[in-house]
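**Q** My questions are about this predicted structure, shown below with the sequence.
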Amino acid sequence: MDLEKSVSTLNKVGVAVVKKLDKIGIHTIGDLLYYFPFRYDDYQGVVGIKELQEGKLVSVKAKVELIANRRSFKTRKIITEALVSDGNNSLRIIWFNQPYVIKNIKPGDVFIFTGVVKTDMLGPQLIAPSYERAIDAENTSHPKLVPIYFLTAGLSQKYLRFLIKQALLEINNLKDYIPTEVIEENDFLPLNLALQGIHFPEDNNDLANSQKRLKFDEIFLVQLKSELSRKNRLQQKAPKIVFKENEIKELVSQLPFVLTKSQKISAWEILKDLEKTSPMNRLLSGDVGSGKTVVAAMSLYCATLNGFQAIMMAPTEILAKQHFQSLERLLSKYLNIALLTRSQFLGVVNNQPVEYKKKDLIKGVSEGQFSIVIGTHTLLSEKIILNKLALVVIDEQHRFGVKQRKMIKEKITGLNGLMAHFLSMTATPIPRSLALTLYGDLDLSTIDEMPLGRKTITTRLVESHNRQKAYDFIAEQVKKGRQAFVVCPLILPADSLQNDNKEAVFFDLANEKKSVVKEFEYLSKKIYPNFKVGYLHGKMPGKEKDEIMQKFKKGEIDILISTSVVEVGVDIPNASVMMVEGAERFGLAQLHQFRGRVGRSDHQSYCLLFTTNEARGNTLDRLIFFEKNNSGFKLAEKDLDTRGPGEVYGDLQSGQEVWKLAGPMDSEIIKIARFAAARIAPLLNKYPNLKEKINDFILGNHWE
Ligand code: ADP
Ligand code: MG
């Protein structure tokens, strides 16, 4: 059976259908088989009419034969009567004073009726049952679990089921790539039965077994890939960066603070890794404000002390500039540093700032004039030669897309045949077990404490009638010499709103700009005419953005209104208020990033949240949770629970595109899969089917 065969080879699939299937990512028979239901309608409790018993609450699936209103002689009330049939027997249904029922229920419709059975001389009857249109209307018998899929316009559940049934007919001799002993040891279903059972389960038990097998496959493949890539990495050669203890100690002694224990341990782990001749692949994770930059600086410096070059990548121009300034402060007396982004071409040479034309800077970098180059993804698109590149640091790695990360990887190979060492940093805290699964080939360092003296940020969800009070509060802070951020609501295209919180993917810059400018007009004219108010949005030219940021840094702006561009990394220690509009639209991890923009000094700081409408239900729960929790770790866990790893960790090498069923909560299966992968990896040649599968898998989008 060829899973790669096009869906057009199936019965009743024409060009129009192929187009529609294409919209939901289905091109091949295999895609169809792996297009899993997102839930099941449970008809297991539905009984036949023949089995009805007096006084019991039952559900009956039946086709409507007749339905009509009449007026009762005695009470003059409207009575609706229907006759329904399950194909074998019929049943009377009656509603009182609900004349509109006949608008909803028509002869020929199939419904599930749920109510209490009452028997009279004429047999059983349902009195005023609730009713729900049956999804699986093609038959009134065979009650069981009916799969429900995400659809696109013009496709119906019924039609998709029809196609999947066809595909399932062909998988009897499907190759099972998981080694037989693994299947037997764990009592897994064979692949074909699991696929059958995930779409059309016999019962709950069959569904659970099918899910278990398919979840295992998802986790196992990611895990096996990690094992193989680690093996592969350890065979590659990287430049050895010797730990220059004296110089690093001197650098640390010049810092205006003492490193935390966590920072020291992380730096030590990184510096030890750099001494190896196989490339490092390490993730430094630490909550917002925990001080990752200085740890990165130590390793960058160490690379240059060995005569090598290093680059540091940031996801935004603002952040790149900030890193440039920090490293300039720390390191410019020892070495030359360049900043290359879409609109910034700067250097410090012999401890002197220099402004360049773009092509001159690129030339200088390629000629080896700079030991450290800081940049954004622009750095990747230029033809830059770094002959002595030994270390690549990526800040806020989750902000880089898969494609960009791939380009970074390509950049760091092919340099004299040596691979550069690779350090990524993230403020999104990752539970260790999840990290080991998703990033199996990454070593992990964690900064798990905050610098001394930091005060807990006070967070408040502000009800709309208290808006003025919040504005007054900000005014007081500004009068005390502090500064404030106002993050504007995302304005979303209407269709993305239905998609419950997937907005981050959809929001559009033009709308963001509009909302920022509007808010700026309002706040600067109506609320704070006497303060210096500025604004910032993603559509501004880089130079302008930079000017605004520098003004804010120097205190020439009191209140900065901005889009989520201030989300990552920005360090303005004097700012003490972060006010977020439309807070319900953001994930908790992202809100935590906003909040992390304040509380970076010993001033008491505040985070004020506003919602577009009065928050209720889940939204309210989430935001209250955020109010009460200052640990990024706890928030990430909550996000993981409610939004899944894809939402939290972005689309980086996470299992997100691969994991349709499995999730971080499947700890038991994760354990089994990790164990199996470790055991099978060295023996891969013994399993040709698995080898073929994992090669395809690695060749897919999953490059790392
Ligand atoms: P993040 O981990 O979010 O990238 P940064 O590296 O931007 O955090 O550091 C946040 C702020 O804390 C910076 O102003 C930095 O200078 C300061 N900082 C870093 N380490 C310490 C420390 N050990 N003690 C006090 N302040 C520190
Ligand atoms: Mg940072």
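**A** Yes, it's here. Residues are numbered from 1 along each chain as shown. Ligands and ions are numbered 1, 2, ... in the order given.

**Q** For stretch 235-244, what does the pLDDT average out to?
**A** What stretch 235-244 shows for mean pLDDT is 93.

**Q** buried ones in it?
**A** Ala238, Pro239, Ile241, Phe243, Lys244 (16 or more other C-beta atoms under 10 Å). In this view, the C-beta of every residue, glycine as well, is placed from N, C-alpha and C.

**Q** and the helix or strand hosting Ala589, does that touch ligand 1?
**A** Per DSSP states H and E, Ala589 falls inside helix 588-595. No: applying C-beta under 6 Å from any ligand atom, one finds helix 588-595 separated from ligand 1 by no less than 9.0 Å.

**Q** and that helix, C-alpha only, in PDB?
**A** Only the C-alpha atoms of helix 588-595 are listed here, as PDB (Å, rounded to 0.1, in the frame of the first residue of the first chain):
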ATOM      1  CA  LEU A 588       0.700  33.900  29.600                       C
ATOM      2  CA  ALA A 589       4.300  33.400  28.600                       C
ATOM      3  CA  GLN A 590       4.100  36.500  26.400                       C
ATOM      4  CA  LEU A 591       2.400  38.500  29.100                       C
ATOM      5  CA  HIS A 592       5.200  37.500  31.400                       C
ATOM      6  CA  GLN A 593       7.700  38.800  28.800                       C
ATOM      7  CA  PHE A 594       5.900  42.100  28.900                       C
ATOM      8  CA  ARG A 595       6.000  42.100  32.700                       C
END
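
**Q** still on that earlier bit, can I get the buried residues of stretch 235-244 in a markdown table including distance to Glu463?
**A** Shown next, in a markdown table, are these (distance: C-beta to C-beta, whole Å):
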| residue | distance to Glu463 |
| --- | --- |
| Ala238 | 56 |
| Pro239 | 58 |
| Ile241 | 55 |
| Phe243 | 55 |
| Lys244 | 56 |
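
**Q** Export the residues you listed to a markdown table and append columns for distance to ligand 1 and secondary structure.
**A** Shown next, in a markdown table, are those (distance: C-beta to the nearest ligand atom, whole Å; DSSP: H, G, I helix; E, B strand; the rest coil):
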| residue | distance to ligand 1 | secondary structure |
| --- | --- | --- |
| Ala238 | 25 | coil |
| Pro239 | 26 | coil |
| Ile241 | 21 | coil |
| Phe243 | 20 | coil |
| Lys244 | 21 | coil |
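
**Q** ok, of these, which one's closest to Glu317?
**A** Ile241 (28.6 Å; C-beta to C-beta).

**Q** by contact count, what packs against the helix or strand hosting Asp696?
**A** Here Asp696, judged by DSSP H and E, is contained in helix 688-699. Contacts defined by 3 or more C-beta pairs under 8 Å, 6 or more residues apart in numbering; DSSP states H and E place helix 688-699 against helix 204-235.

**Q** what angle do the helix it packs on and helix 688-699 make?
**A** Orientation check (axes from the mean of the first three to the mean of the last three C-alpha atoms, to 10 degrees): helix 204-235 against helix 688-699 gives 70 degrees.

**Q** helices or strands up against helix 204-235?
**A** By 3+ C-beta pairs under 8 Å, 6+ apart, helix 204-235 packs against helix 191-199, helix 432-438, helix 667-680, helix 688-699.

**Q** Just the C-alphas of whichever strand or helix holds Phe422, formatted as PDB.
**A** For Phe422, the element it lies in under DSSP H and E is strand 421-426. C-alpha atoms of strand 421-426 as PDB (Å, rounded to 0.1, in the frame of the first residue of the first chain):
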ATOM      1  CA  HIS A 421      29.600  25.900  18.700                       C
ATOM      2  CA  PHE A 422      26.000  26.800  19.200                       C
ATOM      3  CA  LEU A 423      24.400  28.400  22.200                       C
ATOM      4  CA  SER A 424      20.700  29.300  22.200                       C
ATOM      5  CA  MET A 425      19.000  31.300  24.900                       C
ATOM      6  CA  THR A 426      15.300  31.500  25.900                       C
END
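
**Q** in this structure, what secondary structure element scores lowest on mean pLDDT?
**A** helix 503-506 (a mean of 34; mean pLDDT, DSSP states H and E).

**Q** how is this protein carved up into domains?
**A** 42-143, 245-275+290-426, 458-629 (automatic domain parsing).

**Q** looking at these, which is closest to Glu449?
**A** domain 245-275+290-426 (4.8 Å).

**Q** Look at the closest one and report the distance between its end residues.
**A** 26 Å (C-alpha to C-alpha, to the nearest Å).

**Q** what about it, distance to the chain center?
**A** 27 Å (C-alpha atoms, centre = their mean, to the nearest Å).

**Q** what about that domain, near ligand 1?
**A** Yes: Domain 245-275+290-426 is in contact with ligand 1 by C-beta under 6 Å from any ligand atom, via Phe257, Val258, Leu259, Thr260, Gln263, Ser290, Gly291, Lys292, Thr293, Val294.

**Q** Which strand or helix spans the closest residue to the third one other than its chain neighbours?
**A** Counting by C-beta to C-beta, 6 or more residues apart in numbering, Leu259 lies nearest to Val252, which is 6.3 Å off, once chain neighbours are set aside. Following DSSP H and E, the helix or strand that holds Val252 is helix 245-253.

**Q** Residues touching that helix, excluding its own?
**A** Leu259, Leu271, Ala297, Met298, Tyr301, Cys302, Leu305, Leu330, Leu331 (C-beta atoms under 8 Å, 6 or more residues apart in numbering).

**Q** Give me the phi and psi for the fourth one.
**A** The phi and psi values for Met298, taken as degrees, to the nearest 10, are phi -60, psi -40.

**Q** Spit out the contact partners of the residue nearest to it when sequence neighbours are not counted.
**A** Nearest in space to Met298, with sequence neighbours left out and distances taken as C-beta to C-beta, 6+ apart, is Ala267 at 5.1 Å. Each residue near Ala267 by C-beta under 8 Å, 6+ apart is listed here: Leu259, Val295, Met298, Ser299.

**Q** Can you convert the residues you listed into a markdown table and add a column each for pLDDT and neighbour count?
**A** Output for the contacts of Ala267, formatted as a markdown table (pLDDT from 0 to 100; neighbours: other C-beta atoms under 10 Å):
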| residue | pLDDT | neighbour count |
| --- | --- | --- |
| Leu259 | 96 | 17 |
| Val295 | 97 | 29 |
| Met298 | 97 | 23 |
| Ser299 | 98 | 26 |
